[in-house]
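Colleague: how does the following fold in three dimensions:
(chains A and B)
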Amino acid sequence: MAWDRNQMAARAAQELQDGWYVNLGIGIPTLVSNYIPDGIEVTLQSENGMLGMGPFPVEGSEDADLINAGKQTITELPQTAFFDSAQSFAMIRGGKIAMAILGAMEVAENGDLANWMIPGKLVKGMGGAMDLVAGVGRVVVVMDHTSKHGESKVLKSCTLPLTGRAVVDRIITNLGVLDVVEGGLRIVECATGVTEAELRAATEATIVP
Amino acid sequence: MKKIYKDASTALDGVLFDGMLIAAGGFGLCGIPELLIDGLVAAGTKNLTIASNNAGVDDFGLGKLLATRQIKKMISSYVGENAEFMRQYLSGELELEFNPQGTLAERMRAGGAGIPGFYTKTGVGTVIADGKDVKTFDGQDYILERGIVADLAIVKAWKADPSGNLVFRKTARNFNPPAATCGKICIVEVEEIVPLGALDPDTIHLPGIYVHRIIQGTHEKRIEQRTTRKAS
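Modeller: Sure, this is the predicted structure:
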């Protein structure tokens, strides 16, 4: 037993606080917007130049001039604001975005994050990921705890080229939640049906009390 | 002062040369200068270096200039949507310089604002920092990035007036304003040229001082990822 994609997204949504401006990455992080808790108002930023991102449009009302950072058609909300890419990354780099929830390939116990390239494989680019992890107030990573081959992706140090150095604050995986603290990672909680022993066994990184 | 030209080829006449650096607006296929890209294909200018967040798709956007082998080098943050791009890159025919997206936008903004370099924390401790000056401010490391000044900027806006004042529409603004400002010459294509006085001066997104030539035309505005929900 462990969390599935939607349960991981629902858990990540518990990180949101009322009034926050938040950037959600592609993949599981995008699902987080389906689980925003009642009474919590957050404004979603899309780094191609939009605050106040709405849901996908109803078929027939798609607008080629209105897309998110994943190039998907979306809609605007009453509070929406548009701006250019330099302004968009000024608010990211300037620390105005409270939190980014991103996917990852590897995370290390010091908060290093790798999520943009695998040497020897096709490299598409980092997009805005390096700017986000360097600039936003809090970085939460949502990922599978282990690879398809069962190897831990929560490591003592990353083997892949970094997206950012010592940037991750919290890791949410299918097995549980861990915080990056002095000396290693601290277990915050285990996923439904996962024991602490199982979480530890799947983690290469140092776990501290 | 006459900024309005009849089409892309006329507007590009006299400003193109082989080996030039061009800054292009657009994010994915949204807000790209599709008419001016067609004009560059028709002009046949070679060995271009193009600073653009993305590289189009195989048969649209900058992909058209890749198909004709007119591009020598791309400066981009994400290029994953283009098979011909990957083929040329992997075979060594095409140079690629990855820039983090915000660094690319700021390089254009800075270049246009007379700032030759700036320090940013984006990319510290990554391959992006290799060979770059690192400086510590208030206990945090930053790397030096250079402003971009392009020989030509090609930009898409929604509306222009004859003086070159521009209004963009929704997320089609994206890289267009910073790209426009960093061009020694900036050519803009719009969906509509409105009379002087028709744009409220308080709502102009980019003032005409940055704009040298304007064309009006019909845009395909292709959608890259059409996503919808059921009507409730």
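
Colleague: drop to CA atoms for contacts and neighbour counts, all remaining ones
Modeller: OK.

Colleague: which neighbouring elements make contact with the helix or strand of chain B with the lowest mean pLDDT?
Modeller: Lowest by mean pLDDT, DSSP states H and E among the helices and strands of chain B is helix B:83-90, with a mean of 91. Taking 3 or more Cα pairs under 8 Å, 6 or more residues apart in numbering or on different chains; DSSP states H and E as the contact definition, the neighbouring helices and strands of helix B:83-90 are helix B:63-67.

Colleague: I'd like the mean pLDDT over the helix it packs on, please.
Modeller: Along helix B:63-67, the predicted local confidence has a mean pLDDT of 96.

Colleague: packing partners for it?
Modeller: Using 3+ Cα pairs under 8 Å, 6+ apart as the contact criterion, the neighbours of helix B:63-67 among helices and strands are helix B:34-43, helix B:83-90.

Colleague: switch to 10 Å and redo it
Modeller: With contacts defined as 3 or more Cα pairs under 10 Å, 6 or more residues apart in numbering or on different chains; DSSP states H and E, the secondary structure elements packing on helix B:63-67 are helix B:34-43, strand B:71-76, helix B:83-90.

Colleague: JSON lines for those, including mean neighbour count?
Modeller: Compiled in JSON lines, the helices and strands packed on helix B:63-67 are given as follows (neighbours: other Cα atoms under 10 Å in any protein chain shown):
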{"stretch": "helix B:34-43", "mean neighbour count": "20"}
{"stretch": "strand B:71-76", "mean neighbour count": "22"}
{"stretch": "helix B:83-90", "mean neighbour count": "16"}
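
Colleague: of the ones you listed, which is nearest B:Gly112?
Modeller: When the helices and strands packed on helix B:63-67 are ranked by proximity to B:Gly112, the top entry is strand B:71-76, at 16.8 Å, counting by Cα to Cα.

Colleague: how far does that closest one sit from its chain's centre?
Modeller: A distance of 12 Å separates the centroid of the chain from that of strand B:71-76, by Cα atoms, centre = their mean, to the nearest Å.

Colleague: rewinding a little: immediately after the least confident helix or strand of chain B, which helix or strand?
Modeller: Downstream of helix B:83-90, the next assigned helix or strand under DSSP states H and E is strand B:95-98.

Colleague: so is that following strand next to chain A?
Modeller: Yes - on the criterion Cα under 10 Å from any Cα of the partner chain, strand B:95-98 is in touch with chain A at B:97-98.

Colleague: quick one: closest of the helices and strands packed on helix B:63-67 to B:Arg173.
Modeller: helix B:34-43 (14.3 Å).

Colleague: so what touches that closest one?
Modeller: With contact meaning Cα atoms under 10 Å, 6 or more residues apart in numbering or on different chains, helix B:34-43 is reached by B:7-13, B:16-17, B:24, B:26, B:33, B:44-46, B:60-70, B:154-156, B:187-190, B:215-221.

Colleague: just the buried ones from those?
Modeller: With neighbours counted by 16 or more other Cα atoms under 10 Å in any protein chain shown, the contacts of helix B:34-43 contain buried members at B:7-9, B:11-12, B:16, B:24, B:26, B:33, B:44-46, B:60-67, B:69-70, B:154-156, B:187-190, B:215-216, B:221.

Colleague: so what pairs up with the closest residue to A:Arg11 other than its chain neighbours in the strands?
Modeller: Using Cα to Cα, 6 or more residues apart in numbering or on different chains and skipping the chain neighbours, the partner closest in space to A:Arg11 is A:Ile172 (7.7 Å). A:Ile172 forms beta bridges with A:Val142, A:Val177, as assigned by DSSP bridges.

Colleague: is it true that A:Ile172 touches A:Met8?
Modeller: Yes - at 6.9 Å, A:Ile172 and A:Met8 qualify as touching, with contact defined as Cα atoms under 10 Å.

Colleague: what is in contact with those two at once?
Modeller: Here A:Ile172 and A:Met8 share the contacting residues A:142-144, A:191, scored by Cα under 10 Å, 6+ apart.
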